[in-house]
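*Asks:* Compute the structure for the input listed below.
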Amino acid sequence: MALKNGAGYAIIDENEYAQNEQCITVNNVLETLQELANFHRNHLGIPILAITGSNGKTTSKELIYAVLSKKFNTVATVGNLNNHIGVPLTLLSMNKTTEFGIVEMGANHPKEIESLCKIAQPDYGYITNFGKAHLEGFGSIEGVIAAKSELYNYLKENNKFLFLNADDPIQQKQLSYKNSFSFGSSKAGLPVKYIINKEYAEVLYNGVVFNSLLPGNYNAINMAAAICIGHYFEVPLKSIQEAIANYTPQNNRSQIIEIGKTTLLMDAYNANPTSMKAALESFNKFPANNKVAILGDMFELGATSEQEHQDLVNYLENLNFSRVFLVGTNFKKAKTNSSKIQQFEKFPELEEAVISTDLQNTKVLIKGSRGMALERLLDVFKKK
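*Replies:* Residues are numbered from 1 along each chain as shown. Prediction:
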């Protein structure tokens, strides 16, 4: 099919499909892709920054890309193509005009980040955070920390460079490493102040306020990371400020969408207990009288799934929301005595409830795991 559509060659690992000289046979197509990407990366010889973490990888990557692009011809991972196929494709998308590469790395099992580091051979690395994501594959929060820290291990073993959030207790343990630069609200190379209780995230550095179109205090940390990395690579402060101010969130990540008199905070690309709680905590501080949360099940939590959903419901009971709509098998099972919390197992039940509820002059947070596809609510609100 590829050859019929105009490809010059097809790389295959099954001899029976080798029909002509345009078919190149290898032992393993995936390994060949990874080896080719590694060769290409070394041939280009450009600096590579690797980004991983439990939450905020893609937003941080996009902000850092926007900042570094003010000075360098920069290529970054498209979307979240951050696995054993996406990382090689990202590297292969770079060419001789590329001056800086940013590679996002995702994982849901141990040793995946280690493997991706061998392919990309990063010179710099940043871990956004360590949260309760993919517990089914990692086994525990300790497993998450060990797996994400594979990036630290690679960089330190190869005498490369770390960017660190000095406010994160786990990252604080790396501050003694000589090849590092940190940001944070205290005892950091780049001291910042997070301006809280605002609808949009703001950061203060060196007397300059950095504004954004990103809702939620948790996004201020993503902004600070971009400021830190931009500063390290000598991007002018005004250019950093402009890059962050002009960044528009997309793909159901921290998007603010106005539909009639309803304001939606669409953060439905993915969710885990850590990111969900951070979003709720921030939303609870939003300057609005009428706030509603619509939350979907969190996936890949393994044996902890029911307890994590129950813990979140318990947390919700004490927040200042007018209503809470919960959807999914695990949220349906959770127990609550709160009259403001409504639980549904299936999306059509949620849809009916949303349609029948007056949500005029209301701010609505929408968050859930990718498999819940809560972006479908956009069409529901447009029908109201």
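
*Asks:* which residues touch the nearest residue to N158 once chain neighbours are set aside?
*Replies:* Among residues not flanking N158 along the chain, Q121 sits closest, at 7.9 Å (C-beta to C-beta, 6 or more residues apart in numbering). Yep, even glycine has a C-beta here, placed from its N, CA and C like the rest. Neighbour list for Q121: 38, 41-42, 48, 158 [criterion: C-beta atoms under 8 Å, 6 or more residues apart in numbering].

*Asks:* next one: D297
*Replies:* D297 touches 309, 327-331, 368-369, 371-372, counting by C-beta under 8 Å, 6+ apart.

*Asks:* rerun that using 6 Å as the cut-off
*Replies:* 328, 330-331, 372 (C-beta atoms under 6 Å, 6 or more residues apart in numbering).

*Asks:* same thing with K340?
*Replies:* 323-324.

*Asks:* go with 10 Å
*Replies:* 292-293, 316-317, 319, 321-325 (C-beta atoms under 10 Å, 6 or more residues apart in numbering).

*Asks:* Put together a markdown table for those, with secondary structure, neighbour count and distance to A133 on each row.
*Replies:* Listed next are the contacts of K340 as a markdown table, based on DSSP: H, G, I helix; E, B strand; the rest coil; neighbours: other C-beta atoms under 10 Å; distance: C-beta to C-beta, whole Å:
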| residue | secondary structure | neighbour count | distance to A133 |
| --- | --- | --- | --- |
| V292 | strand | 22 | 25 |
| A293 | strand | 25 | 20 |
| L316 | helix | 22 | 20 |
| E317 | coil | 13 | 24 |
| L319 | coil | 15 | 22 |
| F321 | coil | 20 | 24 |
| S322 | coil | 16 | 29 |
| R323 | strand | 18 | 27 |
| V324 | strand | 23 | 22 |
| F325 | strand | 23 | 23 |
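
*Asks:* ok, the residues you listed vs L63, which is closest?
*Replies:* The closest of those to L63 turns out to be A293 (C-beta to C-beta; 25.4 Å).

*Asks:* Write down the beta-bridge partners of the closest one, one by one.
*Replies:* Under DSSP bridges, the beta-bridge partners of A293 are V324, L365.

*Asks:* Which member of the contacts of K340 is positioned nearest L116?
*Replies:* Nearest member of the contacts of K340 to L116, counting by C-beta to C-beta, is A293, at 34.6 Å.

*Asks:* For the helix or strand harbouring V354, C-alpha coordinates in PDB please.
*Replies:* V354 belongs to helix 347-355 when elements are defined using DSSP states H and E. C-alpha atoms of helix 347-355 as PDB (Å, rounded to 0.1, in the frame of the first residue of the first chain):
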ATOM      1  CA  PHE A 347     -22.400   9.100  29.200                       C
ATOM      2  CA  PRO A 348     -26.000   9.300  27.900                       C
ATOM      3  CA  GLU A 349     -27.200   9.600  31.500                       C
ATOM      4  CA  LEU A 350     -24.700  12.400  32.100                       C
ATOM      5  CA  GLU A 351     -25.800  14.100  28.800                       C
ATOM      6  CA  GLU A 352     -29.400  14.100  29.900                       C
ATOM      7  CA  ALA A 353     -28.600  15.600  33.300                       C
ATOM      8  CA  VAL A 354     -26.500  18.300  31.700                       C
ATOM      9  CA  ILE A 355     -29.200  19.200  29.200                       C
END
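
*Asks:* list the buried ones in that helix?
*Replies:* 347, 350-351, 353-354 (16 or more other C-beta atoms under 10 Å).
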